[in-house]
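Take a look and give me a structure for this.
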Amino acid sequence: MKATGLAAWALLWMASSAMAQASGAAPAPAAPDQIVLRAAQSRAVQQILVSARSKEAFLRANAIEAAEALPARIGPLVQRGLDDPDPVVRFASLATIGKLKLSGVAPNARQLLQDPNDSVRAAAMFAIAANFGANPAANPMAVDVTPMARLLYSSDPGTRANVAMLMGMMHDRSAVDMLKDAAHMKLPMASPVRATLARLQIGEAVVKLGDMDDLDAIRASVYSQFDEVRILGVQILGRLQDKAWLPAIKNLVSKPPLELQIAAAGAMGQLGDAGGLDVILQAAQNPSELVRAQAAISLGMLHGHPRAMQELVRLMDDPTETVRLAAAAGLLGGGKDGL
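Residues are numbered from 1 along each chain as shown. Reported below is the predicted structural model:
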């Protein structure tokens, strides 16, 4: 199961404009007219609501993540997502319930503790524990999360990565040793790429729990022979706010493939550097809808930058729903911390 993940928004345009003027470059263009921007944001809300009912499961899941920015809407969306026929949507709903501590709908997560999908069962435990605790003796609404340990050692790399992500969000440092142990367990049935991606996601969870031992391995991943590994490594470093590795990330903006360049430019934005914006703007014109969608996600990481906001407004008119939804998330600031 793939978790999409569209970080906190930063008002970068003031700093970037000042730097441009200091260097003698032309100042950045004005931000979109406030009326135009509000209209685009209103359309963005409607796009999220429409995509939450899409025939495509990945769009429904992405819409739930994007709806994190809509506190008045998120409850009904995740409630419906709990009954979705596709596990990726159920997983996204449960992870959101736990992450945002949506206690009003969290009791309904209990029905998924027996879900046939391993990742969904783990997410149900996370959703309940995040809201009511993990000690049923102290709180009858709580849940025993010890079964998550077995799921962490799954032979499926996707399950292992998903459970690690959930453990990272539980803020329980006692899970660090278990996560490290799982990272060293082989995945004989998985390809080298999928096994490496799972280890990276486990490493991210370890660092989020305050143990820096795996940070060097994540940094080294940006030099992997596998493009998928390099892209994920860059994205993780952006989410972890690893400013010490910013020079290395900057260097990747000029290194193909294009998907890596966009990821690096977006990570730079998360780290407070808008220097990769031109790469993202160019990618937003790409014939590939997947490239344009990735560009929209990266533009959202430069939230507040006038050129980024202008382009996101334009992408709300994209002919493809995938791109429009990514642009909507960028305009509203939802679903961007790696869920």
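
Could you list the low-pLDDT ranges of the stretch 201-339 of the chain?
335-339 (pLDDT under 70).

repeat that with 90
Scanning the stretch 201-339 of the chain for pLDDT under 90 picks out 303-304, 333-339.

which residue ranges form the helices in it?
Secondary structure of the stretch 201-339 of the chain by DSSP state H, counting those that start in this stretch: the helices cover 215-220, 227-239, 246-252, 258-270, 277-283, 289-300, 306-315, 321-332.

can you redo those as CSV with mean neighbour count and distance to residue 34?
For the C-beta atoms, the positions are set from N, CA and C on the backbone; glycine is no exception. Formatted as CSV, the helices of the stretch 201-339 of the chain follow (neighbours: other CB atoms under 10 Å; distance: least, CB to CB, whole Å):
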stretch, mean neighbour count, distance to residue 34
helix 215-220, 16, 40
helix 227-239, 22, 29
helix 246-252, 17, 32
helix 258-270, 25, 22
helix 277-283, 19, 22
helix 289-300, 25, 19
helix 306-315, 22, 11
helix 321-332, 27, 13
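
Of all those helices, which one is nearest residue 58?
Across those, residue 58 has its closest neighbour in helix 321-332 (8.3 Å, CB to CB).

Could you check the helices of the stretch 201-339 of the chain and tell me which one is nearest residue 81?
Ranking the helices of the stretch 201-339 of the chain by distance to residue 81, with CB to CB as the measure, places helix 321-332 first at 15.1 Å.

Report all helices and strands that that closest one contacts.
Under the contact criterion of 3 or more CB pairs under 8 Å, 6 or more residues apart in numbering; DSSP states H and E, the helices and strands touching helix 321-332 comprise helix 34-51, helix 57-66, helix 289-300, helix 306-315.

Give me the angle between it and helix 289-300.
Here the directions of helix 321-332 and helix 289-300 differ by 0 degrees (axes from the mean of the first three to the mean of the last three CA atoms, to 10 degrees).

rewinding a little: could you dump the helices and strands packed on helix 321-332 to JSON lines with distance to residue 242?
What follows is the helices and strands packed on helix 321-332, written out as JSON lines (distance: least, CB to CB, whole Å):
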{"stretch": "helix 34-51", "distance to residue 242": "30"}
{"stretch": "helix 57-66", "distance to residue 242": "23"}
{"stretch": "helix 289-300", "distance to residue 242": "17"}
{"stretch": "helix 306-315", "distance to residue 242": "22"}
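
Wait, residue 325 touches residue 47, no?
Yes. Residue 325 is within contact range of residue 47, at 5.8 Å (criterion: CB atoms under 8 Å).

Nearest approach to residue 179 belongs to which of the helices and strands packed on helix 321-332?
Distances from residue 179 to each of the helices and strands packed on helix 321-332 were compared by CB to CB, and the smallest falls on helix 57-66, at 23.1 Å.

Go ahead and produce PDB holding the CA coordinates of that closest one.
What follows is helix 57-66 as a C-alpha-only set of coordinates in PDB (Å, rounded to 0.1, in the frame of the first residue of the first chain):
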ATOM      1  CA  ALA A  57      -9.200   4.800  -4.800                       C
ATOM      2  CA  PHE A  58      -5.900   6.700  -4.800                       C
ATOM      3  CA  LEU A  59      -7.800   9.900  -5.500                       C
ATOM      4  CA  ARG A  60     -10.200   9.200  -2.600                       C
ATOM      5  CA  ALA A  61      -7.300   8.600  -0.300                       C
ATOM      6  CA  ASN A  62      -5.400  11.700  -1.400                       C
ATOM      7  CA  ALA A  63      -8.500  13.800  -0.900                       C
ATOM      8  CA  ILE A  64      -8.800  12.600   2.700                       C
ATOM      9  CA  GLU A  65      -5.200  13.600   3.300                       C
ATOM     10  CA  ALA A  66      -5.800  17.000   1.600                       C
END
